[in-house]
Each structure stands twice: as C-alpha cells, then as structure tokens.
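J.: requesting a structural model of the entry that follows:
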Amino acid sequence: MGRLLSPLALIGAMTLQAMAMLGRISLFTVQTFSHLFRPPFYPKELAIALLNIGWLSLPVVGLTAIFTGGALALQIYSGGARFNAEAVVPQIVAIGMVRELGPVLVGLMIAARVTSSIAAEIATMKVTEQIDALVTLSTHPMKYLVVPRVLAALITVPLLVAVGDVIGIAGGYTVAVKNLDFNAATYLQNTVDFLEARDIISSLVKGAAFGTIAALMGCFYGMNSDRGAQGVGRATKTSVEAAAILILAANFTLTGVFFSV
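T.: You can find the predicted model right below:
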C-alpha cells in the first residue's frame with residue numbers, strides 16, 4: 001500500500017511546492033508594484049536598466065526577427081503552393097509576426113538575455129553581501145535593485161516588440177520580393193490592409209506583459225538565491241526557465257483575451 005501511495009505523495013508534495021512558489025512570486029510582484037511609483041526614485045539605475053534591457057537587446061531582437069520573417073515567408077509560400085494559395089504570404093506573415101511570433105520570440109530572447117543577467121547580478125550581490133550593505137546604508141534593496149529593472153522592462157520591451165514586428169515583416173518582404181517574385185507595392189499594400197488596430201495593440205500589450213515577467217523572474221530568483229557559486233548558477237537557470245514558461249502561458253491567456261470568438 002505504501003508503494004502505491006508514494007507516487008501520489010510525490011505528486012502532492014510537488015504540487016504544494018509549486019503553489020508555495022507561486023504564492024511567493026505573487027507577493028513579490030505585489031510588493032514590487034507597490035514600490036513602483038513611491039519615492040525615493042533612482043533615475044541613474046533606471047537609465048542603466050533602460051540601456052541594458054532596451055538598447056543592447058536590439059541586435060539579437062533584430063536578427064531573430066528578420067530570419068524568422070524570412071523563414072515564415074518561405075514556409076507559407078511552400079505550403080500555400082499545395083492549394084494554389086501562394087498569394088496569402090504577405091497577409092499571413094504580417095498576422096503571424098504581429099500577433100504571435102514577434103512578441104513571443106522577443107519575450108523569449110529577453111528571458112534568455114536579460115532575465116539571466118539580472119538573476120546572476122543580483123544573486124552575486126547577495127552572495128557578496130552587497131545587498132546587506134544597501135540595507136546598512138538605509139537603501140531599500142527592492143527600490144534600488146528591483147523597481148528600476150522592472151520599470152525599464154515594462155517600458156522598453158513593447159518598443160522592442162514593435163521593432164521586431166517591423167523587422168520580421170521586412171524580412172518576409174525581402175524574401176518574397178527577391179526570391180518568390182512578389183510585386184513589392186502589392187505586397188506592402190496587402191500587409192497594410194490586412195493588419196488591424198487590435199493586432200498591433202495586442203502585440204504591444206504582450207510585450208509589456210512579457211517584459212515585466214522577464215524582469216520580475218530575474219529579480220525574484222536573484223533576491224532569493226542560495227549562497228555560493230552553485231546558488232548563483234541555480235538562480236540564473238531557474239529564473240530563465242520560469243520566465244520562459246510564464247511568458248508562454250501569458251501568451252496563451254492574452255491571445256484568448258484579444259482574439260477569442
């Protein structure tokens with residue numbers, strides 16, 4: 001009987017552990033947003049975070065988007081050729097990039113690049129007792145370390161998503177015009193005519209949500225890391241995993257909110 005119950009006990013323990021972690025993340029999120037618009041403010045830290053999260057992420061976002069847009073155009077043309085529907089390439093590239101691929105890929109790139117960096121930086125500060133030093137200097141660690149990074153991600157990631165959408169559509173346009181013999185003016189006109197305001201708004205909202213998730217996960221796991229080099233490594237790895245999973249879950253939820261019939 002004990003052997004039969006042990007798997008159930010393991011599942012129960014894992015479920016309780018997951019729920020406890022979700023509760024801790026929720027409380028951390030509430031605390032972060034409660035400090036977001038209350039002084040003191042640290043504009044220098046915010047400026048550094050804006051640079052690191054926004055500007056320095058542009059190359060990886062641009063490369064990811066342009067190759068994805070080009071590959072998407074090739075795949076749609078190849079698939080559409082089976083049904084004599086090659087003409088839908090501009091429409092599907094536009095809606096695919098703006099609604100789904102643009103926000104999700106940018107979110108995952110930010111999770112890989114920014115979340116890991118934030119978690120490693122804050123975890124290292126905890127290990128080297130720099131966070132304790134901030135407390136000694138009467139500086140609230142959450143306001144100094146967490147709030148600027150979360151606010152910077154909330155501001156810059158929607159902009160990165162917008163740039164990624166445009167570059168992805170441009171990649172599809174380049175492949176369609178140069179390789180697939182589409183008329184350039186017709187391709188652009190079909191793209192503009194097919195996109196709706198709801199598509200663009202959903203893309204930007206997803207960018208804001210994904211950026212917030214990425215920054216929060218990096219800060220949460222960095223602030224709660226274990227001591228030592230292994231603790232820093234574990235916090236970095238777990239933060240990226242959690243950010244990626246939550247971004248995909250949030251994408252599913254937001255897609256249902258914006259496009260449910």
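J.: any weak-confidence spans in the stretch 151-261 of the chain?
T.: For the stretch 151-261 of the chain, the stretches with pLDDT under 70 are 261.
J.: apply 90 and report the result again.
T.: Low-confidence segments of the stretch 151-261 of the chain (pLDDT under 90): 179-183, 187, 190-196, 224-231, 233, 259-261.
J.: which residues of it fall in strands?
T.: With DSSP state E, counting those that start in this stretch, there are no strands along the stretch 151-261 of the chain.
J.: quick check: what element follows the top helix by length along the chain along the chain?
T.: Ranked by number of residues, the top helix in the chain under DSSP state H is helix 2-35. Per DSSP states H and E, the first helix or strand lying C-terminal to helix 2-35 is helix 43-53.
J.: the helix or strand following that next one - contacts with which helices or strands?
T.: For helix 43-53, the following helix or strand on the C-terminal side (DSSP H and E) is helix 58-81. Packed against helix 58-81 by the contact rule (3 or more CB pairs under 8 Å, 6 or more residues apart in numbering; DSSP states H and E) you find helix 89-95, helix 102-110, helix 147-178. Bear in mind the C-beta positions are built from the backbone N, C-alpha and C, glycine included.
J.: check what contacts the shortest one and list those residues.
T.: Pointing back at helix 89-95 there. For helix 89-95, contacts defined as CB atoms under 8 Å, 6 or more residues apart in numbering pick out 69, 72-73, 76-77, 80, 168-169, 172-173, 176, 180, 182, 186-188, 190-191, 194-195, 199.
J.: may I have it exported as CSV, CA atoms only?
T.: This file holds the C-alpha atoms of helix 89-95, laid out as CSV (Å, rounded to 0.1, in the frame of the first residue of the first chain):
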residue,chain,number,x,y,z
VAL,A,89,2.1,35.1,-48.0
PRO,A,90,2.0,38.9,-47.1
GLN,A,91,-1.1,38.6,-45.0
ILE,A,92,0.0,35.5,-43.0
VAL,A,93,3.5,36.9,-42.5
ALA,A,94,2.0,40.1,-41.1
ILE,A,95,-0.5,38.5,-38.8
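J.: show me how far that helix is from its chain's centre.
T.: In terms of CA atoms, centre = their mean, to the nearest Å, the gap separating the centre of helix 89-95 from the centre of its chain is 23 Å.
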